[in-house]
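Chemist: Any chance you could fold what I've pasted below:
(2 chains)
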2 protein chains.
Amino acid sequence: MKATVMHGPGDVRFETVEDPKILKPTDAIIQLSATCICGSDLWPYRAKGPFDAPMHMGHEYCGVVIEVGSEVRNVRPGQFVVGSFVLSDNTCPHCQFGYPSSCEQREFMTGAQAPYARVPLADGTLVPTLEIPTDEQIPHMLAVSDVLGTGYYAAEAAGVKEGSTAVVVGDGAVGLMGVLSAKLRGAEKIIAMSRHPSRQALAREYGATHIVAARGEEGIGEVLELTGGVGADAVLECVGLQQSMDQALGVCRPGGSVGFVGVPHEVTFTGEGLFFQQKRLFGGPAPVRRYLPDLMERVLKSEIAPGKVFDLELPLAEVAEGYNAMDERRAIKTLLRV
Amino acid sequence: MKATVMHGPGDVRFETVEDPKILKPTDAIIQLSATCICGSDLWPYRAKGPFDAPMHMGHEYCGVVIEVGSEVRNVRPGQFVVGSFVLSDNTCPHCQFGYPSSCEQREFMTGAQAPYARVPLADGTLVPTLEIPTDEQIPHMLAVSDVLGTGYYAAEAAGVKEGSTAVVVGDGAVGLMGVLSAKLRGAEKIIAMSRHPSRQALAREYGATHIVAARGEEGIGEVLELTGGVGADAVLECVGLQQSMDQALGVCRPGGSVGFVGVPHEVTFTGEGLFFQQKRLFGGPAPVRRYLPDLMERVLKSEIAPGKVFDLELPLAEVAEGYNAMDERRAIKTLLRV
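Modeler: Purely as a prediction, here's the structure:
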């Protein structure tokens, strides 16, 4: 088959690779219904951080099971499934405590920007639906796999609850899903920090009650003004840079929480700073597997439409242009039709 | 009056200073029933971190009100009071949210290793009792002012609840109060990391179910063994050094929480490290004012005996020896009789 391989920064190719096959009895092979490009795929694309080229790209996925290993019990060929970008056994203690993203057998999904993909730990990772979703539902189901799940975790890690004042730092796809998730969890005031008109509009559609375009000290000042000088109960940090983290801590009230889900790149904290700021900090890879049943059901009931973050749709063969468009911020997130 | 002044590292003197007086209409003057030396007083004593000498020492206090400013309404002369080491108005939004230790008017108490002391923000800070406590109750009431309140906050910040597995890093007075507090909050398994037999004994008396004497990687390994390879739900970091913080993170399970209350000295974190460890981090100066009514009542009902951490009792005039004994770890905590 042909699939997506990154050979170096800025060098994404759609080229012939080996067909995926069952390697372990706990694997499944799926035919993707659609796939997409993640904001985190842009880190190696932009030469931020090391990676081993050539790298088979793609970790967000949904599709139909076509083959399973001999030990797979929970899914069978013909079923439509969604899985987390983190592969987990869903039975170890960390999974049982609700953190499948720290599963003892944790692996990270790869190779999903392709027509077919191998999913290790299929029983723990994949959640099937009763029926095959409609074409219209596919983008929303795909979004659950990572970007919505990650935004939802940002809201959970930040402790968003009924009546909270929440701030979302970052207006990428995850940030927008953070807005949607804060709304789902009952936040009363949702301040989206965003400079881009199209993203501001989507943020408002997802539930943002206020937009702050300024960044840094000025942005912090505006949020403080919107919160009566107090700061927010819950802050969703959806970028992963020092500036965005400082902004997140700056807009949080003492005793409040910052949930951070953007993979941090050269972000540091001092113990003394965190101590005297007295703000709770919690992040990590999102435990999406725990959220899948609930979020998939909400999509199927049309309660939420996370797939609206896909503002560019391309055939998989044009994946390179999909990266390019996101890199140049011409697109929030690119859906790839398989 | 004569009081405690630190002139430089290792140089504590009991010398004549000005009598405290009402400076603002919100002040009160108290006559101390007893006072004590805090682990944090040892930082400047050991030349760790800058300080402005001469410094009037002491921030843990209880005693009888002898004078109040014209705006003080909640306490009156003749009442026995306990206050937090953090002075707060108890009315600002941060106080209302439960974080008086981040009060908009926050000040830190000083000058309490003395027969008399000025307490700013008296209405917000001081909690009176109905009767004057007995001599036997005084050490326990004094402990509430900081060391118990701080240990309690470590347990709260670490999320200790009914049935939790908790680890306490640090066997100083705050660590021992952390053990007591974890027990109060219903922890089922409490692992105290301690190398000193007398402290281990007190930890057991306060509720520790296990003792781990090893530190670093070895200590982490032993805690993991005691928790079935999983790690603890809740970790109380009661030291404030990089080694103790790394140990605290190391024994915490993914999704668990580290509450840190030792003022951090040259402790740093990387965003990436916290992200992939997926552990919640929350610290700061303890919001003792919030706990005072409950903890004071528990002392008066003899439910808890936090004053047992005082294993050396000296007349105030011998304060220098009190510092010396704690510095050399001959004493856990020194009570000073006024």
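Chemist: from here on, contacts and neighbour counts on C-alpha atoms
Modeler: Noted.
Chemist: list the contacts for A:Ala122?
Modeler: Counting by CA atoms under 8 Å, 6 or more residues apart in numbering or on different chains, A:Ala122 makes contact with A:26-28, A:72, A:74-75, A:87, A:89.
Chemist: hmm, 7 Å instead?
Modeler: Each residue near A:Ala122 by CA atoms under 7 Å, 6 or more residues apart in numbering or on different chains is listed here: A:26-28, A:72.
Chemist: Go through those and name the one nearest chain B.
Modeler: Chain B lies nearest to A:Thr26 out of these, by CA to the nearest CA, at 23.6 Å.
Chemist: Provide the secondary structure category for that closest one.
Modeler: Assigned with DSSP: H, G, I helix; E, B strand; the rest coil, A:Thr26 falls in the coil class.
Chemist: Isn't it up against A:Arg73?
Modeler: No: contact criterion CA atoms under 7 Å: A:Thr26 and A:Arg73 do not qualify, at 9.0 Å.
Chemist: what residues go with each domain of chain A?
Modeler: Domain assignment of chain A by automatic domain parsing yields the ranges A:2-147+A:287-337, A:152-283.
Chemist: and among the ones you listed, the most buried is which?
Modeler: Of the domains of chain A, the one with the most neighbours on average (mean count of other CA atoms under 10 Å in any protein chain shown) is domain A:152-283, at a mean of 23.
Chemist: mean confidence score for that one?
Modeler: Mean per-residue pLDDT for domain A:152-283: 97.
Chemist: need the domains of chain A in TSV with distance to B:Val167, can you?
Modeler: Converted to TSV, the domains of chain A look like this (distance: least, CA to CA, whole Å):
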stretch	distance to B:Val167
domain A:2-147+A:287-337	18
domain A:152-283	19
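Chemist: Which elements pack onto the helix or strand encompassing A:Gly219?
Modeler: If you go by DSSP states H and E, A:Gly219 is part of helix A:216-226. On a contact count with 3 or more CA pairs under 7 Å, 6 or more residues apart in numbering or on different chains; DSSP states H and E, helix A:216-226 meets helix A:242-251.
Chemist: any idea which helix or strand comes after the helix it packs on?
Modeler: strand A:252-260.
Chemist: Other residues contacting that next one?
Modeler: In contact with strand A:252-260 (CA under 7 Å, 6+ apart) are residues A:154-155, A:157-159, A:230-238, A:248-249, A:277-284, B:94, B:99, B:102.
Chemist: Which of these fall in strands?
Modeler: Those of these mapping onto strands are A:232-237, A:280-283, per DSSP state E.
Chemist: Dump these to a markdown table, plus distance to chain B.
Modeler: Formatted as a markdown table, these follow (distance: CA to the nearest CA, whole Å):
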| residue | distance to chain B |
| --- | --- |
| A:Ala232 | 11 |
| A:Asp233 | 10 |
| A:Ala234 | 13 |
| A:Val235 | 14 |
| A:Leu236 | 14 |
| A:Glu237 | 12 |
| A:Arg280 | 5 |
| A:Leu281 | 5 |
| A:Phe282 | 5 |
| A:Gly283 | 5 |
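Chemist: Identify the residues contacting A:His56.
Modeler: A:4-6, A:110-111.
Chemist: redo that, cut-off 8 Å
Modeler: Counted by CA under 8 Å, 6+ apart, A:His56 has contacts A:3-6, A:110-113.
Chemist: so what's A:Gly178 closest to, chain neighbours aside?
Modeler: A:Gly151 (4.0 Å; CA to CA, 6 or more residues apart in numbering or on different chains).
Chemist: one step back: between the contacts of A:Ala122, which is closest to B:Ile211?
Modeler: Within the contacts of A:Ala122, the smallest distance to B:Ile211 is 40.5 Å, found for A:Thr26 (CA to CA).
Chemist: For the stretch 51-200 of chain A, what lies in contact range of chain B?
Modeler: Residues of the stretch 51-200 of chain A lying near chain B by CA under 8 Å from any CA of the partner chain: A:93-94, A:97-99, A:102.
Chemist: touching chain B at all, stretch A:38-49?
Modeler: No: interface with chain B: stretch A:38-49 contributes nothing (CA under 8 Å from any CA), its closest point being 11.6 Å away.
Chemist: Nearest to B:His59 among the ones in strands among the contacts of strand A:252-260?
Modeler: Distances from B:His59 to the ones in strands among the contacts of strand A:252-260, taken by CA to CA, are shortest for A:Arg280, at 25.7 Å.
Chemist: Look up how far A:Glu162 lies from the residue positioned nearest the centre of chain A.
Modeler: Nearest to the mean C-alpha position of chain A, by CA atoms, centre = their mean, lies A:Val147 at 2.4 Å. Distance of A:Val147 to A:Glu162, computed by CA to CA, to the nearest Å: 23 Å.
Chemist: And A:Ser194, by the same measure?
Modeler: Applying CA to CA to A:Ser194 and A:Glu162 gives a distance of 24 Å.
Chemist: Next: A:Ala47.
Modeler: Using CA to CA, A:Ala47 is found at 41 Å from A:Glu162.
Chemist: give the contact list for the residue nearest to the centre of chain A.
Modeler: A:38, A:173-174, A:177.
Chemist: quick one: the helices in the stretch 1-150 of chain A?
Modeler: A:42-45, A:93-96, A:122-125, A:138-143, A:149-157 (DSSP state H, counting those that start in this stretch).
Chemist: Restricting to C-alpha, output the last one in PDB.
Modeler: What follows is the C-alpha trace of helix A:149-157 in PDB, where atoms were taken according to Å, rounded to 0.1, in the frame of the first residue of the first chain:
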ATOM      1  CA  GLY A 149     -10.000  13.200  23.900                       C
ATOM      2  CA  THR A 150      -7.000  15.400  24.500                       C
ATOM      3  CA  GLY A 151      -9.000  18.600  24.900                       C
ATOM      4  CA  TYR A 152     -11.300  16.700  27.200                       C
ATOM      5  CA  TYR A 153      -8.400  15.700  29.300                       C
ATOM      6  CA  ALA A 154      -7.200  19.200  29.500                       C
ATOM      7  CA  ALA A 155     -10.500  20.200  30.900                       C
ATOM      8  CA  GLU A 156     -10.600  17.300  33.400                       C
ATOM      9  CA  ALA A 157      -6.900  17.800  34.500                       C
END
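Chemist: Give me the angle between that helix and strand A:252-260.
Modeler: 150 degrees (axes from the mean of the first three to the mean of the last three CA atoms, to 10 degrees).
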